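S.K.: fold the following and give me the result.
(2 chains)
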2 protein chains.
Amino acid sequence: MAVKGPASPSEGKPPAHFRAKKPPRNPVAEIPAAMNSKPKRSQPLVGFEDSHSVLPMNTPTPSPDRIMQTGMAFWASKVLLSAVELEVFTDLARKPADGDTLRGRLGLHERGARDFLDALVSMGFLERENGVYRNTPETDLFLDKRKPTYLGGILEMANHRLFPSWAHLTEALRTGEPQSETKHEADTFGALYADPARLREFLRAMSSVSRRANQAIAANFPWKDYKTFVDLGTAQGDLPAQIALKNPHLAGIGFDLPQVEPVFEEYIRSLGLADRLRFAGGDFFADPLPSADVVLLGHILHDWDLPRKRALLVKAHAALPTGGAVIAYDALIDDDRRERTHGLLMSLNMLVETPGGFDYTGAECQRWMRDAGFRETRVEHLLGPDYVVIGIK
Amino acid sequence: MAVKGPASPSEGKPPAHFRAKKPPRNPVAEIPAAMNSKPKRSQPLVGFEDSHSVLPMNTPTPSPDRIMQTGMAFWASKVLLSAVELEVFTDLARKPADGDTLRGRLGLHERGARDFLDALVSMGFLERENGVYRNTPETDLFLDKRKPTYLGGILEMANHRLFPSWAHLTEALRTGEPQSETKHEADTFGALYADPARLREFLRAMSSVSRRANQAIAANFPWKDYKTFVDLGTAQGDLPAQIALKNPHLAGIGFDLPQVEPVFEEYIRSLGLADRLRFAGGDFFADPLPSADVVLLGHILHDWDLPRKRALLVKAHAALPTGGAVIAYDALIDDDRRERTHGLLMSLNMLVETPGGFDYTGAECQRWMRDAGFRETRVEHLLGPDYVVIGIK
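M.R.: Predicted coordinates:
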């Protein structure tokens, strides 16, 4: 064996060969506090931020950095989801706090609390000055439960429902079967809606993820040409509410399973819209639809298999007058299926969560609409990942 | 109730008000195939890629996009992890294939296969031309199991061990207790090492995540001034191997729990290094350490609580001659704890995975080294998220 005892090194201070150059600051940490500044993200969120190699001659040109970033991105994701679950942002919206105070208020063990809060700082979701943590403008506006702008509902659902389901993505890919808590129940929404607590969480989540799209539809569709509308799968009723708030001449119906009615009524009453919006309970596959000038399908078509998607469009067509419109919106996949990651991932979410749902391209949806009898169709970008497909009867 | 029957809309074709502008192409899909081109990522990986608002006057300036991107980033993460589990890249490295052929070879159900593969295309991890899928240069080099450059070991572990553990992050934050499969076992590594299959996966994962850092240490430390080294917690022995390959005058020892020996011996023999590298089995807390000119701690200190971290540095000091060096590397947290997200998240990973481990700043580690008796210390950037802390006796 060649290893000898300790030699006497000829020099005690090796030169600083490791220091390639000063790593750049992570720009996520530099988001200014001003309300009117929007952070520019020119680098991925999670670490590996300064991965220039110190071995430029020896390592191959392709870099594993994006592979590693993506593979470990669930860490940052879960930190934010746990922060929403623990109501970090709701708490700090009441009053900024130092680490110990905040840890006590949130009920955190001291072992991980500081890393958790400082990780949120480094990701740009909290600010910390002289040891005092406070929300950023974004998290204060969108993740404080007591504000009407709260969008955390979808993240609450992602945290306790989707994250565990997605742990079984491989099994879903092998079997084609959903992996959620309803995996052994044939009727996803019936099962979901049977539990009042789960139902309320789901309906709030749907409002939170759709509100800005709903506002865009309320503001940008030529509503002056129409008088009535019906929203299929209305959930809390946020789409009818946003449309009615923006367009005082319209009256509408929110259609959903009967269990939804109290949640809808409560929300609509709270907005003072009960004189123009009403609820209609039913199963939109089994029961007749109310007639209206416009039929809306917001984040609905992607829940269902192809025969049910087509059936909904046929029923929408039947409910409309000549000249009436169906408006469907979802996170559409691009026609060539190679650009819009979110639409493709949303479709995998439908695999994991529903027995037959999938997302689709604009070309596919327009074909289904034409097959259902709509004489004219088009696709337009709505907001973020959402696109509308419009069919005119 | 105000809703009337269908009116006759005055106009059948509403103007295209929804179209704000053509959304930009997702640059992830545009990574060229050439081996010598490195993709530039100027946008986050997952969707929401074109989230300009169509309501510029009505929506507040802060945007929820980064919140939503981060909260849902586990989708993209899990797609890549499942692709590694299913050996998509190893399969395509043998031979590119169309969707149906690939689906058959991988054993995927038809329901989700196309979305899964096209999601990998949109994320830049596969290419698709005329319906034929093939690896990108990066995934071919780093995610083909049959290549020595394979880095998927850490992702395999992330997929089946860390992702499920992290689902319980909130509980870990509340209790301070690890949430992994070993959560009821006091001795994390003893339990992990007791199962030969888990042990082998873990050791390979450690090699894969550390190899480039190991190569950087082998190339850049002034090894000419030293003759012997010992690597504590050597796992497969990749750090000794890389050092020995680059520096023919050195002889070294890989030190780890006795169960590791066969895996170490197999790896070292396969590289033809058995004449200069040997294994020493033991518990680095309970047993004496071999003496050497340099003591290495690669991704080791962060596994342990503070008393054990300090104990390791004291023992390293005792094992060195005057002028000898301890080299510790880990994903260091920046001293102000507000920039290096990866180090902070790695520390939360230690919370979830170990009874007492945590990551640390360079200033902290230098203080521990000085307290252990090292006369000179410094911190240097190594590679990606890894930094070395060097102490000279």
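
S.K.: can you give me the strands for the stretch 51-200 of chain A?
M.R.: A:97-98, A:126-129, A:132-135 (DSSP state E, counting those that start in this stretch).

S.K.: what bits of chain A have low per-residue confidence?
M.R.: Applying pLDDT under 70 to chain A flags residues A:1-61, A:181-192.

S.K.: so which strand or helix has the closest residue to chain B within the stretch 251-393 of chain A?
M.R.: Closest residue of the stretch 251-393 of chain A to chain B, Cβ to the nearest Cβ: residue A:342 (2.0 Å). Placement of C-beta: from N, CA and C, glycine included. When elements are assigned from DSSP states H and E, residue A:342 belongs to helix A:341-353.

S.K.: next SSE downstream of that helix?
M.R.: Immediately after helix A:341-353, counting by DSSP H and E, sits helix A:362-371.

S.K.: and for residue A:148, the neighbour number?
M.R.: 8 (other Cβ atoms under 10 Å in any protein chain shown).

S.K.: mind checking how far it is from residue A:142?
M.R.: Separation of residue A:148 from residue A:142 (Cβ to Cβ, to the nearest Å): 11 Å.

S.K.: then residue A:154?
M.R.: According to Cβ to Cβ, residue A:154 and residue A:142 sit 11 Å apart.

S.K.: next one: residue A:107
M.R.: 23 Å.

S.K.: where exactly do the helices run in the stretch 151-300 of chain A?
M.R.: With DSSP state H, counting those that start in this stretch as the criterion, the stretch 151-300 of chain A has helices at A:153-157, A:163-166, A:169-175, A:188-194, A:196-220, A:238-246, A:261-270.

S.K.: mind putting those helices into JSON lines with distance to residue A:308 and mean neighbour count?
M.R.: Formatted as JSON lines, these follow (distance: least, Cβ to Cβ, whole Å; neighbours: other Cβ atoms under 10 Å in any protein chain shown):
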{"stretch": "helix A:153-157", "distance to residue A:308": "22", "mean neighbour count": "22"}
{"stretch": "helix A:163-166", "distance to residue A:308": "21", "mean neighbour count": "22"}
{"stretch": "helix A:169-175", "distance to residue A:308": "19", "mean neighbour count": "21"}
{"stretch": "helix A:188-194", "distance to residue A:308": "12", "mean neighbour count": "17"}
{"stretch": "helix A:196-220", "distance to residue A:308": "18", "mean neighbour count": "21"}
{"stretch": "helix A:238-246", "distance to residue A:308": "20", "mean neighbour count": "25"}
{"stretch": "helix A:261-270", "distance to residue A:308": "23", "mean neighbour count": "17"}
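
S.K.: can I get these in a markdown table including distance to chain B?
M.R.: Below are those laid out as a markdown table (distance: least, Cβ to the nearest Cβ, whole Å):
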| stretch | distance to chain B |
| --- | --- |
| helix A:153-157 | 4 |
| helix A:163-166 | 5 |
| helix A:169-175 | 5 |
| helix A:188-194 | 15 |
| helix A:196-220 | 4 |
| helix A:238-246 | 9 |
| helix A:261-270 | 13 |
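
S.K.: which among those helices is found nearest to residue B:376?
M.R.: Among those, the nearest to residue B:376 by Cβ to Cβ is helix A:163-166 (46.1 Å).

S.K.: distance from that closest one to the middle of the chain?
M.R.: 15 Å (Cα atoms, centre = their mean, to the nearest Å).

S.K.: the strands of the stretch 51-200 of chain A: which one's closest to chain B?
M.R.: Of all the strands of the stretch 51-200 of chain A, strand A:126-129 sits nearest to chain B, with 6.5 Å by Cβ to the nearest Cβ.

S.K.: name the helices or strands packed onto that closest one?
M.R.: On a contact count with 3 or more Cβ pairs under 8 Å, 6 or more residues apart in numbering or on different chains; DSSP states H and E, strand A:126-129 meets helix A:110-122, strand A:132-135.

S.K.: run through who's touching the first one.
M.R.: If you take Cβ atoms under 8 Å, 6 or more residues apart in numbering or on different chains as the criterion, helix A:110-122 is touched by A:26, A:28-29, A:76, A:79-80, A:82-83, A:88, A:99, A:102-103, A:106, A:108, A:126-128, A:133, B:172-173, B:176, B:333, B:337-341, B:344-345, B:347-348, B:351, B:358-359.

S.K.: ok so, going back, now the strands of the stretch 51-200 of chain A in TSV, with distance to residue A:282 and mean neighbour count?
M.R.: Below are those laid out as TSV (distance: least, Cβ to Cβ, whole Å; neighbours: other Cβ under 10 Å):
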stretch	distance to residue A:282	mean neighbour count
strand A:97-98	48	16
strand A:126-129	45	19
strand A:132-135	42	19
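
S.K.: can you redo the ones you listed as TSV with distance to residue B:292?
M.R.: Formatted as TSV, the strands of the stretch 51-200 of chain A follow (distance: least, Cβ to Cβ, whole Å):
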stretch	distance to residue B:292
strand A:97-98	45
strand A:126-129	42
strand A:132-135	45
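
S.K.: just the element for residue A:316, please.
M.R.: Element membership for residue A:316, per DSSP H and E: helix A:306-319.

S.K.: paired strands for the helix or strand following that helix, with orientation please.
M.R.: Per DSSP H and E, the first helix or strand lying C-terminal to helix A:306-319 is strand A:325-330. Take DSSP bridges as the rule and strand A:325-330 pairs in its sheet with strand A:294-298 (parallel), strand A:386-392 (antiparallel).
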